[in-house]
Each structure stands twice: as C-alpha cells, then as structure tokens.
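J.: Build me a model:
(chains A and B)
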Number of protein chains: 2
Amino acid sequence: MNRHISGQFDSEMDSAKRLLIEMGALVEQQLADAGEAFFRHSDESASRISEVEDQVNTMEKRLDDACVQIIALRQPTATDLRTMISVMRSSTDLERIGDEAEKIAKLARKLARHPVPGDQYSDLRKLHAAVEALLFEALDAVGRGDADKALRVIAMDAAVDELYRAIHEERARSLAEGVDNVDIVLAVLWAARGLERIGDHAKNICEYIVYAVRGKDVRHSGVSRLS
Amino acid sequence: MNRHISGQFDSEMDSAKRLLIEMGALVEQQLADAGEAFFRHSDESASRISEVEDQVNTMEKRLDDACVQIIALRQPTATDLRTMISVMRSSTDLERIGDEAEKIAKLARKLARHPVPGDQYSDLRKLHAAVEALLFEALDAVGRGDADKALRVIAMDAAVDELYRAIHEERARSLAEGVDNVDIVLAVLWAARGLERIGDHAKNICEYIVYAVRGKDVRHSGVSRLS
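T.: Residues are numbered from 1 along each chain as shown, chains lettered A, B, ... in the order given. Down below sits the predicted model:
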C-alpha cells in the first residue's frame, strides 16, 4: 500500500476501534444499571437499560458495516485483517453482554413487589463487582491492543466462575432446605448465571485481542481453559 | 477476477461451507447426546459429548483459518465477503451450541444418583425436540444458502421460547409449592435455559444467512424480534 492509502486505512481502523470502545462504555453502563435495578428492586434503571440497548444495537450495525467496508475496500491482510475480524466479533460479544444486562434488569421488575432482603444480596454484589472489573479491564486491553494484558484478564475469569459456583451451591442448598421466598432465590440464580455469561463474553473479547495481535487462536486452549 | 482465479475462489468458498455443515452435523450429535444423557441420567452419552467437543473446537479453528486465508488471498467483496464473514460467525455459534449441550450433559452426571422421574421429563423432551428441529432447519438453510427459509426458521424460534417459558413458570411454581427433589427441578430449569440458548444460536445462524445473501442485517430488527 502506498503511504497515502495506508494512512487512510490506519485512520479508518482507528475509528472502528474507537467505535468499539464507545460501544463498550455503553455496555458498561448497562451492566451498572442492571446491578442498580436488581439490588434495589428498581424499575427506573431497568427502563434506562432498554433505551441504551437501542443505541448499542445501532452501534453494532454501524461498526459491522464499517468493518465490512474497510475489509472490502482496503483489503487488509495479516494482523490488520485479523484486527478487523476481531473488532466485529467483539462487537457481537458486547451486544450480548447488553442483552444479559437487560435480562438481569427484567428480573428486577418481577422483584418490585418484594422488599429487598436483609443481606442486600451481598453475594451477588461481589459477583457483579468482579464482572464489572473484568469488563473494564477487557475494554482497557482492547484500547491498548495489549495481548499480554488480555491474557491476564482471561485468567481473572476464574475468580468470577468461583464466585458464581459459590452462589449457585449456597442458593440451591437454601432451596432444598426450604425458603420463604423462592422468587428471590430463583432471581438470584438467574442473575448470577447472567453475570457469569457476561464474564465469558469479556473473556472472549480478550481472546480476540490475542488472536489479532499474535495471530494465535487461544480459544479452547490451555490458556483459556485455565480460567 | 479472471475465470481461473474465480473458479478457485468458488471451490474454496464451497469447502468452507461444507466444513461448516460438517461441523453442524457434529453439533447436532452433541445436542442429541445431551438429551439422551439428561433424560436417562446416563453418564455414557455425557462422556461422548466431551470427545466430540474436541473435534468441534478443532473444526472451528480450521474453518476460521480457512476463511481468513480466503479473505486475505482472494479479497472478495460484497456477497462473497459477507458470506465468508457469516461462515466465521456461524462457526462460533455452532461451537457455543456444543458448549451448551455439554453443560446439559454435565447436569445428567449430577442426576445419576436419582431415579428418572415418572413423567420422563415430558415437558423438557418437547423443548429438546423443538430445538433439534430448529437447528436441523437452520443448517438446511445454510446448506441451501436460502434466505427465505432462514427467515422462516427465525420465526420458528418463537415456539421454542414459548415452551421454555411454560417450563420455567411451571417448575418455579412447583419449587414455591415445595417439592421433594429440588435437584431435579433445578436441573430441568438449567437444561431448559440451555436449550433456549441453543435456539437463539440457531436463530443467529439464520440471521447471518439473510445478511450474507441480501446484505441486510436483520439482527435487532422486527423480523428477528417477532421470534
């Protein structure tokens, strides 16, 4: 490529990455709102999430179109092509994180008629905070295009899975022993599963970074399995 | 493209599509085995799924590499480029269907110490059969590259969601009323959720077909929302 074309290509690729980061920020907001909605049994944050979801969907389509255009017109190869493909894949995972957040917020709507339990969902709050941190770090790795950091973030997912498993065991046991409020326990189980999935999506995004930067597919590999 | 190059390109694209269909057949097997494992509380089919999973993961990587190679070397545009991207995306969804199937089979391992309940899981069997049909039709639409058929399959997912909701309501109510075996009810709830996700993945694959053939992104559109 001559210098002029290659400069245009770099700037197009940068805008695509910037759009992905912007989309990530919206999705982070959805995740925060989902927690807010659930932990306070609040209908208000739940409605905000649906509004943001429309924006996220629009951005996903824009980003997709932009990447297809770039690939078709600039015909990148090697790392550049892998980066474009990774951006497209990441946007799908981000959008699905938004979907999970919306589902968690919908659970809050069903809880609205119950008082918030005395423990304030301390177990689920820990899991939510861990997943927020994971997503934040994953997006930071995207912004920096940092494969080493991405590998560290992938390893963080193990702690999320551990928190999830503990909630699942504890809450399933409480159901077996008999609880007053089955609705709340089931909602916690569903929300926890949703958060665990969000962690998986954040991990996927990190795997795409490693793939883009190093050309190495770490999906289904030992590295990924560690987490 | 001259005729020679274009012929090579067509045959490369055909092999990629064939690989996707082969991968789909393996994943269908995983879904069948998952049902078998769950409904009979059988450990045997559960082990088979893990073996097939390794093959599926290997195929996903091969397919990915093949598509990246084709895009880099042949530099397709328009429908051809969209088809390659759709094949890559579909393979990710297929692989995740395999993951869900494996999770359902793992539930069977936990059930092994319980007898199979008298209703033989008739509700979950219906859902499983509906999801199997959905996946079968989705793969058929892939094989034919038939966007009309893909749209019809997308519409089929509504019935799957309905079956899922009915199971969820009924089983949550039984938990609230008190049941002897909470383990089994929770396993049914998790398996049902997994099957519902598999339906979503099959739907995603159909959306990619429409996108590839028509250049129209039906994700998050009314068409998709209908289901």
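
J.: Report the buried residues of the longest helix belonging to chain A.
T.: The residue-count maximum for a helix in chain A (DSSP state H) belongs to helix A:3-40. For helix A:3-40, the neighbour count (16 or more other CB atoms under 10 Å in any protein chain shown) marks A:9, A:12-13, A:16-17, A:19-20, A:23-24, A:26-40 as buried. Every C-beta, even on glycine, is put in place using the N, C-alpha and C of the backbone.

J.: now the following helix or strand past it and helix A:3-40, what's the angle there?
T.: Counting by DSSP states H and E, the next helix or strand C-terminal to helix A:3-40 is helix A:43-74. Going by axes from the mean of the first three to the mean of the last three CA atoms, to 10 degrees, helix A:43-74 is angled at 160 degrees with respect to helix A:3-40.

J.: Helix A:43-74 - what's its average pLDDT?
T.: Averaged over helix A:43-74, pLDDT sits at 89.

J.: If you average the pLDDT over the helix or strand just after that helix, what comes out?
T.: Later in the chain than helix A:43-74, the nearest helix or strand by DSSP H and E is helix A:78-111. For helix A:78-111, mean pLDDT rounds to 92.

J.: before we move on, back to that, I'd like to know which elements the longest helix of chain A is packed against.
T.: helix A:43-74, helix A:78-111, helix A:122-144, helix A:182-214 (3 or more CB pairs under 8 Å, 6 or more residues apart in numbering or on different chains; DSSP states H and E).

J.: and the angle from the last one to helix A:3-40?
T.: In this structure, helix A:182-214 runs at an angle of 160 degrees to helix A:3-40, with the same axes, to 10 degrees as the basis.

J.: Okay, buried residues for helix A:182-214 please.
T.: Within helix A:182-214, the residues scored as buried using 16+ other CB under 10 Å are A:182-213.

J.: and what of the second one?
T.: Within helix A:78-111, the residues that qualify as buried by neighbour count (16+ other CB under 10 Å) are A:80-108, A:111.

J.: and if you look at the shortest one?
T.: By neighbour count on 16+ other CB under 10 Å, the buried set for helix A:122-144 is A:123-124, A:127-128, A:130-135, A:137-139, A:141-142.

J.: May I have that helix exported as CSV, CA atoms only?
T.: C-alpha atoms of helix A:122-144 as CSV (Å, rounded to 0.1, in the frame of the first residue of the first chain):
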residue,chain,number,x,y,z
SER,A,122,-24.1,-9.3,49.3
ASP,A,123,-23.0,-12.5,47.5
LEU,A,124,-24.4,-11.3,44.1
ARG,A,125,-23.0,-7.8,44.7
LYS,A,126,-19.5,-9.3,44.9
LEU,A,127,-20.0,-11.3,41.7
HIS,A,128,-21.4,-8.2,40.0
ALA,A,129,-18.4,-6.1,41.1
ALA,A,130,-16.0,-8.8,39.9
VAL,A,131,-17.7,-8.9,36.5
GLU,A,132,-17.6,-5.1,36.2
ALA,A,133,-13.9,-5.2,36.9
LEU,A,134,-13.4,-7.9,34.3
LEU,A,135,-15.3,-6.0,31.6
PHE,A,136,-13.4,-2.8,32.5
GLU,A,137,-10.0,-4.5,32.1
ALA,A,138,-11.1,-6.3,28.9
LEU,A,139,-12.0,-3.0,27.3
ASP,A,140,-8.8,-1.4,28.6
ALA,A,141,-6.9,-4.3,26.8
VAL,A,142,-8.9,-3.5,23.6
GLY,A,143,-8.0,0.1,23.8
ARG,A,144,-4.3,-0.6,24.2
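
J.: What is that helix packed up against?
T.: Packing contacts for helix A:122-144, counted by 3+ CB pairs under 8 Å, 6+ apart, involve helix A:3-40, helix A:147-177, helix A:182-214.

J.: mind giving me a markdown table with those helices and columns for distance to residue B:178 and mean pLDDT?
T.: Listed next are these as a markdown table, based on distance: least, CB to CB, whole Å; pLDDT from 0 to 100:
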| stretch | distance to residue B:178 | mean pLDDT |
| --- | --- | --- |
| helix A:3-40 | 26 | 91 |
| helix A:147-177 | 10 | 95 |
| helix A:182-214 | 9 | 95 |
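
J.: and these as CSV, adding distance to residue A:65?
T.: Listed next are the helices and strands packed on helix A:122-144 as CSV, based on distance: least, CB to CB, whole Å:
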stretch, distance to residue A:65
helix A:3-40, 10
helix A:147-177, 26
helix A:182-214, 19
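
J.: Out of those, flag the one nearest residue A:115.
T.: Closest of these to residue A:115 is helix A:182-214, at 9.7 Å (criterion: CB to CB).

J.: That closest one near chain B anywhere?
T.: Yes - using CB under 8 Å from any CB of the partner chain, helix A:182-214 reaches chain B at A:182-183, A:186, A:189, A:193.

J.: ok now that helix, how far from the chain's centre?
T.: Relative to the centre of its chain, helix A:182-214 is centred 6 Å away, using CA atoms, centre = their mean, to the nearest Å.

J.: can you check stretch A:50-57 too?
T.: Distance of stretch A:50-57 from its chain centroid, counting by CA atoms, centre = their mean, is 15 Å.

J.: what comes into contact with it?
T.: A:23, A:26-27, A:29-30, A:33, A:94-95, A:98-99, A:102, A:105, B:219-220 (CB atoms under 8 Å, 6 or more residues apart in numbering or on different chains).

J.: Only C-alpha atoms, please: export it in CSV.
T.: The C-alpha coordinates for stretch A:50-57 follow below in CSV (Å, rounded to 0.1, in the frame of the first residue of the first chain):
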residue,chain,number,x,y,z
SER,A,50,-33.7,-0.7,27.3
GLU,A,51,-33.1,2.8,25.9
VAL,A,52,-29.3,2.2,25.9
GLU,A,53,-29.9,-1.1,24.2
ASP,A,54,-31.2,0.6,21.1
GLN,A,55,-28.1,2.7,20.9
VAL,A,56,-25.9,-0.4,21.4
ASN,A,57,-27.7,-2.3,18.6
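
J.: I figured residue A:140 hits residue A:149, correct?
T.: Yes - the pair residue A:140 / residue A:149 is scored as a contact, 7.0 Å apart, by CB atoms under 8 Å.

J.: Tell me which two in the buried residues of helix A:122-144 are the farthest apart.
T.: Among these, A:123 and A:142 lie farthest apart (CB to CB), at 29.4 Å.

J.: list the contacts for residue A:77?
T.: Contact partners of residue A:77, counting by CB under 8 Å, 6+ apart, are residue B:72.

J.: measure it to residue B:150 for me?
T.: From residue A:77 across to residue B:150, the span is 31 Å (CB to CB, to the nearest Å).

J.: Then residue A:199?
T.: Separation of residue A:199 from residue B:150 (CB to CB) stands at 31 Å.

J.: any idea how far the closest residue to residue A:172 other than its chain neighbours lies from residue B:171?
T.: Sequence neighbours aside, residue B:186 is the residue nearest to residue A:172 in space, at 5.7 Å (criterion: CB to CB, 6 or more residues apart in numbering or on different chains). Residue B:186 sits 9 Å away from residue B:171, going by CB to CB.

J.: cool, residue A:45 as well?
T.: For residue A:45 relative to residue B:171 (CB to CB), the value is 28 Å.
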